[in-house]
Each structure stands twice: as structure tokens, then as C-alpha cells.
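Asks: Give me the fold of what follows.
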Amino acid sequence: MERLSVTQGTFELERYPARATEQLRAWDAADEYLLNQVGDPDQPIDLSGNLVLVNDAYGALATALAVHEPWSLTDSFCSKRATEENLRRNRIASQVISLSPLDPLPTSIDVLLMKVPKSQSTLEDQLHRVGPHLHAGTVLIAAAMSKHIHSSTLELIERLIGPTRTSLAVKKARLIFCEPDPSIERGSNPWPATYTLPDGQVITSHAGVFSPDRLDPGTRLLLDNLPGSDEPMAVIDLGCGNGIIGMILALRNPQADLTFVDDSYQAVASAEQTFRDNVGAHRSARFVVGNSLLDLTGDEVTEPGTVDLVLCNPPFHSNHALTDATAWLMFSDTHAALRSEGELWVVGNRHLAYHAKLKRLFGNCEVIASDSKFVLLRAVRT
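Replies: Okay, here's the model as predicted:
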């Protein structure tokens, strides 16, 4: 565990879920720069009004500014849980109001502090959502590592919110200062977006969800080789994204009991809309925002040892960092969830070498299909 020292104090911070071998910090230089800017005694910022934090990945901003009772908007279950854990870790009574992207914002926002998201579509959607709540006196400061601030980033903020200027770089991070212009006409928010499969199914994707405008090749490989059965079975679409995999399986097997799980609130909302539009409101399914299967308890997911099939296209990024930690957690949780002879089907890029991890965990792994870039694997709990 490392300590973040900024103008507001020194705080012990950790990522969530905590890992003994974690190599990445729970904050970056952009968080540090932003907090020091906000707390600069020579340029004081009045935080007594409505303070909104956006994309606070692991709660560094919320922990340091908790005394000001901020709203914290994040699309990630892990970010929300990290904030809660870091507040407790620093013995700070919870004064942070947690919001998902689809929750209503405070009517008027006086200070908006934003970490620039990885996805341009997410930034566009967030600016459309916060824009109507800003006023001419709103203080808006965005932060990111310099290499992640592009001309398109600044152009998008200027088009949807108002004039911008950037700071000098500090520890390879920059700040973006924006003066909201209430007279700007933003037009309609293009998110969520839809596209149609050749067989007529309409796929809905909220901003930031993987492959929002087309069927990606990896998912296509899985769908072309989707296990066929018309028997009753408990199925989890793990890391469901827009829900296309679970939706197609539901259409092929009317007796399948589907659960859709993702860390992203936007993804789960997309999956639910995709399912309802194509399978119908009469068919029951569960839609759960959570960290793999680790935080799913009670009625939200089947008890360990009772799942028949898990379908998974794991992410290999955590924000801008490359990591296989999420995939390994998904595989481990799946092993615990599956019944004897239950199956995990995984699609991924060849270079990720998921077969080695699956053999280590399950004791077996079979290649079902492959092409020049992707491989589809099956592991069976024996």
C-alpha cells in the first residue's frame, strides 16, 4: 500500500480488488496535480457549493476531498468499491455520494473535477450529461497524463462546454481548464447507439462499451461456434458488454437461465436493452453490475458449484494499463461457480496465451476454433 501526499493531506490508497502482487498505484500524477491545483492556497477554489467528481478511478479524489461532500460519478463497480474501501482505510466517515452514469446529477454543479476517460465516446456522453447542469461560474478542471490529452479531446470539450486552455506539464501530467458557456447548443446526445446484425437483431451500446458499432471478430468467432443445447441450463455471460453473446444463446435455447455480469453500469444497461429488444420482456434474466463473480451474493447469482456454462471475452486493459489480472480473476471465479462438468468458453487474442492459465486452473483446455488473430478455448471443471 502506498501513500498519496497532496495539499489536502496524506492518504493510504489501494486499488480494488486488492492483490498481494499489485504493481500499479491507486492514483497517477494527474490525480496528484489536480488535487494540488484545487488546494493551492495562492489560487483558492471555493468548494462550498456542489462538487462533482467524474472518473475517479480508485477514489483518490473522493478520499482527499471527502470533507466537501462531493458527488462521485463512475461507470465502474470496482471504482465505486475502491472509493468506499479507501474512505474506510483512512478513517473518513462516508460523505461521498456515489453516482452511476445513468443516475440524475445535482441540478446545478459549481465545481466539476474530471479525469479524462480513455474512451472518446465516454467523454462525449459525459459532457452531454453534465453540460445542462453547468453555469457560467462553474469551475471545470479536467486532468490526464499528457500523452492521453489529444487535440480531439480539447476540441470536444470546447464544442460541448466552452473555451479551454491547458496547463504546463508536471510529472508528465496536464490539466485542462474550461470556462462553461451556457449559450452553447450541444444538440442531442448520440449515446446510446445501435446497430443491426445480419439476422435482424438490434444491438444497443451505451458510451464506452466495447465494440459499439459492429460485431467484433472475437465475438463473431464465439458466436459461430456457440455451444448448442436446448436443455435447461444456468448460463453466465461474464464481462457481458452489450450482451450480444448471452442474447444469441437465449434465442437459441429458450430454457437457458441467463445472468449478465459486467463491471460497467453502462455495459449492463446495454445488455439489458439488447436482451429486451430481441428476446422479449416475457423472458426473465438477471443483470448484475459487479467485479467478476467475486461480489455477487444472495439472489443475484447462482450458488457456487451450480452454473452449467460461462461465456467470456475478457478485457486485458485496466484503464490505460495492460494487465491479465481481470482475466485471471474471471477464470478463478468461474472455476468456483461451475458444477462438475460445467464449462467455461473463452475467446481472446492469440498472444494473450489464455490456454496456459486455463490448464493451470482447470487441468485441461481445448481449442474449439481459431483464426489468424483469435482463439476460442473450452475448459471443463472435472
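
Asks: which stretches of the stretch 151-300 of the chain form helices?
Replies: Using DSSP state H, counting those that start in this stretch, the helices of the stretch 151-300 of the chain run over residues 151-160, 217-224, 244-252, 265-278.

Asks: Just send those back as JSON lines, with mean pLDDT, mean neighbour count and distance to E85 too.
Replies: To be clear about C-beta, it is placed using only N, CA and C from the backbone, and glycine gets the same treatment. Below are the helices of the stretch 151-300 of the chain laid out as JSON lines (pLDDT from 0 to 100; neighbours: other Cβ atoms under 10 Å; distance: least, Cβ to Cβ, whole Å):
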{"stretch": "helix 151-160", "mean pLDDT": "98", "mean neighbour count": "15", "distance to E85": "30"}
{"stretch": "helix 217-224", "mean pLDDT": "96", "mean neighbour count": "18", "distance to E85": "32"}
{"stretch": "helix 244-252", "mean pLDDT": "97", "mean neighbour count": "22", "distance to E85": "30"}
{"stretch": "helix 265-278", "mean pLDDT": "98", "mean neighbour count": "24", "distance to E85": "19"}
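
Asks: Of all those helices, which one is nearest P192?
Replies: Nearest to P192, of all the helices of the stretch 151-300 of the chain, is helix 265-278, at 6.6 Å by Cβ to Cβ.

Asks: close enough to count as contact, C178 and T166?
Replies: No - C178 is beyond contact range of T166, at 10.2 Å (criterion: Cβ atoms under 8 Å).

Asks: out of those two, which sits in the more crowded spot?
Replies: C178 (23 against 14; other Cβ atoms under 10 Å).

Asks: can you pull the contacts of that one?
Replies: L140, I141, A142, I157, E158, I161, G162, P163, T164 (Cβ atoms under 8 Å, 6 or more residues apart in numbering).

Asks: Tell me the spacing between the third one and V54.
Replies: Think A142. Per Cβ to Cβ, to the nearest Å, A142 is found 8 Å from V54.

Asks: Over to the second one?
Replies: To V54, I141 is 11 Å away according to Cβ to Cβ.

Asks: Give the residues shared as contacts by those two.
Replies: L112, L113, M114.

Asks: now, which of these lie within helices?
Replies: Of those, none are assigned to helices by DSSP state H.

Asks: which of those count as buried?
Replies: Among these, the ones that count as buried by 16 or more other Cβ atoms under 10 Å are L112, L113, M114.

Asks: secondary structure class for the residue of the chain most remote from its centre?
Replies: For the chain, the residue at maximal distance from the C-alpha centroid (Cα atoms, centre = their mean) is D42, at 36.3 Å. Secondary structure, DSSP: H, G, I helix; E, B strand; the rest coil: D42 is coil.

Asks: Could you shift the numbering so residue one becomes 598, and keep it that way?
Replies: Okay, residue one is now 598; in that scheme the one you just asked about reads as D639.
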